[in-house]
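Enquirer: below is the sequence, then the predicted model.
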Amino acid sequence: MLLMRKLRRAWSGKTSLACASVCGALTLLLANPQPAAAATPLAPMNASVMKLTAGDFQSRWNAIDAIEAGGAVTSYYDPDQDALGPLLTGNGHTGSRGLCHPTNLDPAYSPDGFCWDTADDTSSEWTPQGLTGSHDAAPSGTWRGHYVYIASWHYSDNSFARITVVDNSPGAPTTYNHIMLVDPYGSGGSANFRAVGAASPSSPAPGGHADGISWYGNKLFLATGHQIQVYDLRHLWKMSGNTSASVGIQNGASSARYFNYALPMIGLYYNGMPGDACTDTNPCLTSLSLDRTGADGLVTSEFNATGGRPVVRWPLSSNGLLETDTAGNSTGTVTATAAYRVPVWKVQGAATDGTYYYFSGECPQYAGGTDADVPYCVHRAKPGEEPHVLTEAPPLTQNLSWSPLAGRLWGINERANTTSGKRVVFSIHTPS
């Protein structure tokens, strides 16, 4: 009221009109408050109560051995090498180098990246979620001398999941291949595989949303819901044919729903069953990135419409699996090593450079809206400090991944436009 009395004394002539304008603005601000992300710190949480249980590794290893011995798949297995060689020969789909759509990224951060071909850019069936790269896989930043990126995608009803291996090396076209993710089961001559995301008697049944992905040596980790699934890149399988919609082995021939290749899961870690609530003790795992600053670990975050959910760090072991309380790390329990409560709304991705945490989430000015075409934002914060917007980003930006050698933050967005496309894979050079 004191403010309004001062305004009335200061204005004349068009006082009523000006007062109405100011009052309206004040009313709008009060009725539609901005999210509190800029005033709420990245606050520590009790990580010691956050745990993952190792799922069934041994039976999956047994099934993989039996399937590869049976001859229905062409296995590129080498115990000392990954099996990505056939995918890094310039064959497959051809994308485009550079950013083919508007990205909203601040040009001061030297945006760059690549794009999918038209079919994947505009697909309403397959949606990209996670992103990792050879900068995660190896400290050198390359794999077999190539700059390689791997994206995870889910099918429209989550009944299938796939990854895409991209060769984006300088001086050559951007090429990529899709690989179906499968879950092996059984033993001996009855060993087979089903699609990840398909109905399964396993407990927990592997989820198919493929929320986030990280590459660590020969291992791929895939976060989805209450799970971190594990895949071994030494077990790439070539299918007998790519003309069938079926997934599995029938009459001695293998198929993976029109895909040339499949990659079998070797196990998983979980903190709940599909559909369980997301809690501070058992947070949902809806993004994934790798942290090589200090002891290596995986970083997960959880989506929530109004923020306030955990970003969590899980320890990795020297054998490439998550570190449990038992030898071998394929049984037992993983205990988180750090966790923070994130005030950013609708977090879709999280990564760290060892100093800052970066989050993809709603921009403050668009928070609470329903327009999927508005920019997302990349926020960053040090632990104990408030997140601030670093830059606007492509609509519905998903996972983030930090490249230590290049000092660049990578990201991927899911927004679909079935006519002209809106999807990009991007990177920015972040300020110190």
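Expert: Ah, there it is. Residues are numbered from 1 along each chain as shown.

Enquirer: could you check how far the closest residue to Asp121 other than its chain neighbours is from Ala262?
Expert: Once flanking residues are discounted, Asp121 sits nearest to Gly421: 3.3 Å by CB to CB, 6 or more residues apart in numbering. Where C-beta positions appear, they are placed from N, C-alpha and C, glycine not excepted. Gly421 sits 27 Å away from Ala262, going by CB to CB, to the nearest Å.

Enquirer: more crowded one of these two?
Expert: Set Gly421 next to Ala262 and count neighbours by other CB atoms under 10 Å: Ala262 wins out with 26 against 20.

Enquirer: just the pLDDT for the more buried one.
Expert: pLDDT recorded at Ala262 is 98.

Enquirer: and what of Ala31?
Expert: At Ala31, the model reports a pLDDT of 36.

Enquirer: just to revisit the earlier point, ok, now which ones touch the residue nearest to Asp121?
Expert: By CB atoms under 8 Å, 6 or more residues apart in numbering, the residues touching Gly421 are 100-101, 115-116, 118, 121-122.

Enquirer: pick the one among the residues you listed closest to Phe359.
Expert: Nearest to Phe359 among the contacts of Gly421 is His101, at 22.1 Å by CB to CB.

Enquirer: ok, back up a step: need the buried ones from the contacts of Gly421 selected in PyMOL.
Expert: Command for PyMOL that selects the buried part of those, burial taken from 16 or more other CB atoms under 10 Å:
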select buried, resi 100+101+115+116+121+122
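
Enquirer: closest one of the contacts of Gly421 to Phe160?
Expert: Among the contacts of Gly421, Trp116 lies closest to Phe160 (CB to CB), at 17.6 Å.

Enquirer: nearest residue to the closest one in space, please, no chain neighbours.
Expert: With sequence-adjacent residues excluded and distances taken as CB to CB, 6+ apart, Trp116 is closest to Gly95, at 5.3 Å.

Enquirer: just the strands in the stretch 201-350 of the chain please.
Expert: In the stretch 201-350 of the chain, the segments counted as strands under DSSP state E, counting those that start in this stretch are 212-216, 219-224, 227-232, 237-238, 247-250, 253-256, 261-270, 287-291, 297-301, 309-315, 333-335, 338-342, 349-352.

Enquirer: after the host helix or strand of Gly361 comes which helix or strand?
Expert: Assigned by DSSP states H and E, Gly361 belongs to strand 357-362. Following strand 357-362 in sequence order, the next helix or strand is strand 376-381 (DSSP H and E).

Enquirer: which other helices and strands contact that next one?
Expert: Strand 376-381 is packed against strand 357-362, strand 388-393, strand 397-403, strand 408-413, with contacts defined by 3 or more CB pairs under 8 Å, 6 or more residues apart in numbering; DSSP states H and E.

Enquirer: nearest to Ala295, out of those strands?
Expert: strand 397-403 (15.6 Å).

Enquirer: ok so, going back, distance check, the residue nearest to Asp121 against Pro102.
Expert: 11 Å.

Enquirer: in stretch 317-335, what's buried?
Expert: For stretch 317-335, a neighbour-count test (16+ other CB under 10 Å) marks 321-324, 329-332, 334 as buried.

Enquirer: want to try CSV for the residues you listed, with pLDDT and distance to Gly133 as columns?
Expert: Putting the buried residues of stretch 317-335 into CSV (pLDDT from 0 to 100; distance: CB to CB, whole Å) gives the following:
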residue, pLDDT, distance to Gly133
Leu321, 98, 20
Leu322, 98, 20
Glu323, 98, 23
Thr324, 98, 27
Asn329, 98, 24
Ser330, 98, 26
Thr331, 98, 30
Gly332, 98, 30
Val334, 98, 24
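
Enquirer: just give me the closest of those to Tyr231.
Expert: When these are compared for distance to Tyr231 (CB to CB), Leu321 wins out at 11.6 Å.

Enquirer: quick one: pLDDT of Leu26?
Expert: If you check Leu26, the pLDDT there is 36.

Enquirer: sorry, back to before: of the strands of the stretch 201-350 of the chain, which is nearest Tyr109?
Expert: Among the strands of the stretch 201-350 of the chain, strand 349-352 sits nearest to Tyr109 (CB to CB), with 14.9 Å.

Enquirer: direction included, what does that closest one pair up with?
Expert: Strand 349-352 pairs in its sheet with strand 357-362 (antiparallel), by DSSP bridges.

Enquirer: list of residues touching the strand it pairs with?
Expert: 35, 37, 42, 301, 307, 311, 340, 342, 344-352, 368-369, 376-383, 387, 390, 393, 397-400, 402, 409, 411, 430.

Enquirer: of these, grab the buried ones for ChimeraX.
Expert: Selecting only the buried entries of the contacts of strand 357-362 in ChimeraX, with 16+ other CB under 10 Å as the criterion:
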select :35,37,42,301,307,311,340,342,344,345,346,347,348,349,350,351,352,376,377,378,379,380,381,387,390,393,397,398,399,400,402,409,411,430
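
Enquirer: quick one: low-confidence residue ranges for the protein.
Expert: The chain contains residues with pLDDT under 70 at 1-39.

Enquirer: so which residues of it form helices?
Expert: Counting by DSSP state H, one finds helices in the chain at the ranges 2-10, 15-31, 58-70, 118-121, 134-137.

Enquirer: mind listing what Asp276 touches?
Expert: Asp276 sits next to 226, 282 when contact means CB under 8 Å, 6+ apart.

Enquirer: for it, give its distance to Asn282.
Expert: Asp276 is 7 Å from Asn282, where distance means CB to CB.

Enquirer: any common contacting residues for these two?
Expert: His226.

Enquirer: rewinding a little: from the buried residues of stretch 317-335, which single one is nearest Val425?
Expert: The shortest approach to Val425 among the buried residues of stretch 317-335 belongs to Leu322, at 26.4 Å (CB to CB).

Enquirer: once you drop chain neighbours, what's closest to the closest one?
Expert: Leaving aside its chain neighbours, Leu322 sits nearest to Val334 (4.7 Å; criterion: CB to CB, 6+ apart).

Enquirer: pretty sure the one you found sits against Leu52.
Expert: Yes - with contacts counted by CB atoms under 8 Å, Val334 reaches Leu52, the gap being 4.1 Å.

Enquirer: mind listing the shared neighbours of the two?
Expert: Both Val334 and Leu52 are contacted by 269, 314, 322, under the criterion CB under 8 Å, 6+ apart.

Enquirer: just put those residues in JSON lines and tack on distance to Leu131.
Expert: Below are those laid out as JSON lines (distance: CB to CB, whole Å):
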{"residue": "Tyr269", "distance to Leu131": "21"}
{"residue": "Trp314", "distance to Leu131": "19"}
{"residue": "Leu322", "distance to Leu131": "20"}
